[in-house]
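Visitor: What follows is a predicted protein model with its sequence.
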Amino acid sequence: MRPLRVLTWHIHGSYLYYLCHTPVEFYVLSKPERGPGYLGRWGHFPWRDNVHDMPVERLAESEFDCVLFQSREHYLKDQHEILTDAQRRLPKIYLEHDPPRADPTATRHPVDDPDTLLVHVTHFNDLMWDSGRTPTRVIRHGVTVPAGVRYSGELARGIVVINHLARRGRRLGRDVYERVLERVPLDLFGMGAEEMPGGGGEIRHSELAAAAARYRFFFNPIRYTSLGLAVCEAMMTGLPVIGLATTEMAVAVENGVSGFVHTDVAALSDYMEYLLRHPEEAQRLSRGARRAAQEQFGIQRFAADWLEVFREATG
């Protein structure tokens, strides 16, 4: 049997890179200007051979088995403008990357269709969205890190990885980061990081794990968003993770085993200072973090879960 052919958009480059470990053929929509959502096979990721650039102007002459939506705009608007009638009748999957934004408990999901499968990336997100009559499935993250990259913790500092923290404010924990920075040495990386105190700019995805592995711990100040892939990658590298006990973080990190989560920012700072003084404890947590990541975020399990969903959707 030939591999399934899945049409999708380029929304989150890191997630798309891991998604493409699934043994299906991905056709990623592109436009000449490579605008948002239409990047296609583009960027600095080491794309696999099953990832294909799909120019919008060639859509009408192409055939697929399934359409994977990843944003509200593409589902509600773009599909009616660029897909053919036959393509709009294909099996549909909607991948929801985030929890509801406006109201965390009473927001209806924009997909309202018993024939579309809604895939959430965390159980927390599935819990918070009102998905109505739309069937849902949870596929937890899967990540990899370069072979041979392992935690050393030699730098007596913490690392934070968030894009555009300066403009994303309280939801992403800008104030929490600044408060902790008064007590704990931290380095911030990500797009726009240089706009913040302690900001060091952006590190390529392929180089991030090796850079992060030298830090004593990974700090995640985010109040409310989905579980970041950077957290999963840090754990897979062996970094102890410190963060707020909110959203999926409350179950992804086990206190005293793989890191420490709490809703008291002062308690988080106390714990970080303790790890800076006791590198042997950080090494113990490192072993627990890597073991937890292998159990929760293995790429083989992730790819198998997605292959099962694609097969079910296409019959």
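Guide: Looks like it came in fine.
Visitor: just the helices in the protein please.
Guide: Using DSSP state H, the helices found in the chain span residues 13-19, 72-73, 79-82, 85-88, 123-128, 165-168, 174-181, 205-212, 229-237, 249-252, 265-277, 279-296, 299-314.
Visitor: The longest one packs against which elements?
Guide: The contact analysis (3 or more C-beta pairs under 8 Å, 6 or more residues apart in numbering; DSSP states H and E) places helix 279-296 against strand 215-220, helix 229-237, helix 265-277. Where C-beta positions appear, they are placed from N, C-alpha and C, glycine not excepted.
Visitor: tell me the most buried of those?
Guide: Per-stretch averages of neighbours, counted by mean count of other C-beta atoms under 10 Å, single out strand 215-220 among the helices and strands packed on helix 279-296, with a mean of 29.
Visitor: coming back round to it: identify whichever of the helices of the chain lies nearest to Glu61.
Guide: Glu61 lies closest to helix 85-88 among the helices of the chain, at 11.2 Å (C-beta to C-beta).
Visitor: Show which residues not belonging to that closest one make contact with it.
Guide: Under the criterion C-beta atoms under 8 Å, 6 or more residues apart in numbering, residues 7, 59, 64, 67, 79-80 lie in contact with helix 85-88.
Visitor: Taking those residues together, which two end up most distant?
Guide: Using C-beta to C-beta, the contacts of helix 85-88 span at most 16.6 Å, a distance reached by Phe64 and His80.
Visitor: Among those two, which residue is more densely surrounded?
Guide: The neighbour count for Phe64 versus His80, taken as other C-beta atoms under 10 Å, is higher for Phe64 (21 against 9).
Visitor: Surely that one touches Arg89?
Guide: No. Phe64 is beyond contact range of Arg89, at 11.2 Å (criterion: C-beta atoms under 8 Å).
Visitor: What residues of stretch 20-36 count as buried?
Guide: Using 16 or more other C-beta atoms under 10 Å as the test for burial, stretch 20-36 gives 20-22, 24-30.
Visitor: what comes up buried for stretch 104-111?
Guide: 109-111.
Visitor: and Gly259, how many neighbours does it have?
Guide: 30.
Visitor: excluding its backbone neighbours, what's nearest it?
Guide: Val241 (3.8 Å; C-beta to C-beta, 6 or more residues apart in numbering).
Visitor: on that earlier part again, need the max-distance pair from the buried residues of stretch 20-36.
Guide: Farthest pair in these (C-beta to C-beta) is His21 and Ser30. Separation: 20.9 Å.
Visitor: now, which of the contacts of helix 85-88 sits nearest Val121?
Guide: Val67 (18.5 Å).
Visitor: pLDDT at that closest one, what is it?
Guide: Reported pLDDT at Val67 in the predicted model: 98.
Visitor: Repeat that for Glu202.
Guide: Looking at Glu202, its pLDDT stands at 91.
Visitor: ok, now how distant is it from Gly169?
Guide: Applying C-beta to C-beta, to the nearest Å, the value for Glu202 to Gly169 is 19 Å.
Visitor: just Arg101 next, same as before
Guide: Using C-beta to C-beta, one gets 13 Å for the distance from Arg101 to Gly169.
Visitor: How about Arg284?
Guide: Arg284 sits 35 Å away from Gly169, going by C-beta to C-beta.
Visitor: With Val251 instead?
Guide: Val251 sits 25 Å away from Gly169, going by C-beta to C-beta.
Visitor: Show me what stretch 188-204 is in contact with.
Guide: The contact list for stretch 188-204 (C-beta under 8 Å, 6+ apart) reads 44, 159-167, 174, 177-178, 181, 186-187, 208, 211.
Visitor: Now list the buried members of those.
Guide: Neighbour counting with 16+ other C-beta under 10 Å marks 159-162, 165-166, 174, 177, 181, 186-187, 208, 211 as buried within those.
Visitor: any low-confidence regions in this structure?
Guide: For the chain, no stretch has pLDDT under 70.
Visitor: Domain ranges for it, per the record?
Guide: The domain map for the chain lists 5-142+299-314, 155-296, with the assignment taken from automatic domain parsing.
Visitor: can you list the contacts of helix 85-88 in a markdown table and add distance to Arg301?
Guide: Output for these, formatted as a markdown table (distance: C-beta to C-beta, whole Å):
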| residue | distance to Arg301 |
| --- | --- |
| Leu7 | 25 |
| Leu59 | 33 |
| Phe64 | 26 |
| Val67 | 24 |
| Gln79 | 30 |
| His80 | 35 |
